[in-house]
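Undergrad: sequence isn't available, so here's the structure alone:
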């Protein structure tokens, strides 16, 4: 029952928002009493944290599986971002904002874990990209990492991009092209242009 509660709550939180969904809503959806939920999670915050961490674990496991498929470094990043956008249902900005606003401690812990995992994966991606000739051999990996995190966080938490005018998938698509063009070699640029011809980027 605990796993069923987690799965249902996660789906509802992603669709409707962490603040919007109540324990009553979850109980009604599962046709159980709130007491049953509280027997597994002492309060809503504990349930929110468990759902957020479960989702993070599912995403990182899938990302690791994509990496293990051994695509070239550019395609690897494209596949990872495509997967994340699909998994988060095109990144419901209201859901993310509610986690940040109403559960800041959970959001901070989740952000730390996301940065740690992303830094590990992206460092390997950049290193391999240099070795395989897709990225320039003069890029500063740590600097690229910082630019990557700064820009990506800015897209999600900035007043510069109105969600009324831009969707997250649209911004991520243009961010990735901006990111790649800043670091690719001639070989990498040829691959990007071939993807643009196929409308993959």
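TA: Arrived safely, thanks for sending. Bear in mind the structure is a predicted one, so any value in this text is a computation, not a measurement. Numbers count the residues shown, from 1 in each chain.
Undergrad: for the rest of this, base every contact and every neighbour count on C-alpha atoms.
TA: Will do.
Undergrad: so for this protein, the centremost residue is which one?
TA: Closest to where the C-alpha atoms of the chain average out (C-alpha atoms, centre = their mean) is residue 84, at 4.9 Å.
Undergrad: that residue and residue 142, how far apart?
TA: When C-alpha to C-alpha, to the nearest Å is applied, the distance between residue 84 and residue 142 equals 23 Å.
Undergrad: correct me, but the residue nearest to the centre of the chain touches residue 59?
TA: Yes. Using C-alpha atoms under 8 Å, residue 84 is in contact with residue 59, at 7.0 Å.
Undergrad: one step back: who touches the residue nearest to the centre of the chain in this structure?
TA: With C-alpha atoms under 8 Å, 6 or more residues apart in numbering as the criterion, the residues that contact residue 84 are residue 59.
Undergrad: and the helix or strand containing residue 15, what does it pack onto?
TA: Residue 15 is part of helix 2-16, with elements assigned from DSSP states H and E. For helix 2-16, the elements it packs on are helix 23-30, helix 44-68, helix 93-102, judged by 3 or more C-alpha pairs under 8 Å, 6 or more residues apart in numbering; DSSP states H and E.
Undergrad: what sits up against the lowest-mean-pLDDT helix or strand in the chain?
TA: Here the helix or strand of the chain ranked lowest by mean pLDDT, DSSP states H and E is helix 93-102, holding a mean of 80. When contacts are defined by C-alpha under 8 Å, 6+ apart, helix 93-102 is touched by residues 13-19, 106-107, 156.
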